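1. Let's see this in three dimensions:
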Amino acid sequence: MTPEAFNTLFSIGIGFALAGALANGYQAMSQRPAGFGLLQEGVAPRTFAAVPFLVFAAPFIIMRNTLRGMRLESRRFEFVMMATVIAGFWSMMSGTFFLMTLRATGVLG
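-> So this is what the prediction gives:
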């Protein structure tokens, strides 16, 4: 496995782990699952604060909603695959940003 491929897989894993931790932390604090409905509360500081949260929690939310919809609505395989690719790419981008931030602050070498 090349170092670039390993770095990409590590970024995807870190992105999904970060998304899951954020979404589950939100659910533990507010007693309701996180979702994109947080953006529909009108113009308020709470809505603006939800944007950075959703940027990093989105891969988990997308996969949770996709897998739930697959069971309840029996969605087609193509839709599930497309959502998985989108969540994976989003996870890779957020994981890469998170790792770059850790490197810039000196936490990672």
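
2. Asn65 is in contact with Ala87, correct?
-> No: between Ala87 and Asn65 there is no contact under CB atoms under 8 Å: 9.7 Å. For the C-beta atoms, the positions are set from N, CA and C on the backbone; glycine is no exception.

3. which one of the two has more residues nearby?
-> The neighbour comparison of Ala87 against Asn65 (other CB atoms under 10 Å) goes to Ala87, with 23 against 15.

4. Now for that one: which residues touch it?
-> By CB atoms under 8 Å, 6 or more residues apart in numbering, the residues touching Ala87 are 58-59, 62-63, 66.

5. And Gly13, by the same measure?
-> Gly13 neighbours (CB under 8 Å, 6+ apart): Gly95.

6. Can you read off the pLDDT for it?
-> pLDDT recorded at Gly13 is 96.

7. Okay, and it sits in which element?
-> Secondary structure from DSSP states H and E places Gly13 in helix 3-30.

8. And the helix or strand immediately after that helix in the chain, what does it pack against?
-> Sequence order places helix 45-73 as the next helix or strand after helix 3-30, per DSSP H and E. Packed against helix 45-73 by the contact rule (3 or more CB pairs under 8 Å, 6 or more residues apart in numbering; DSSP states H and E) you find helix 3-30, helix 77-105.

9. Would you mind listing the buried residues in helix 45-73?
-> Buried residues in helix 45-73, counted by 16 or more other CB atoms under 10 Å: 50, 54, 56-64, 66.

10. Between which two of these is the distance greatest?
-> Ala50 and Thr66 (20.6 Å; CB to CB).
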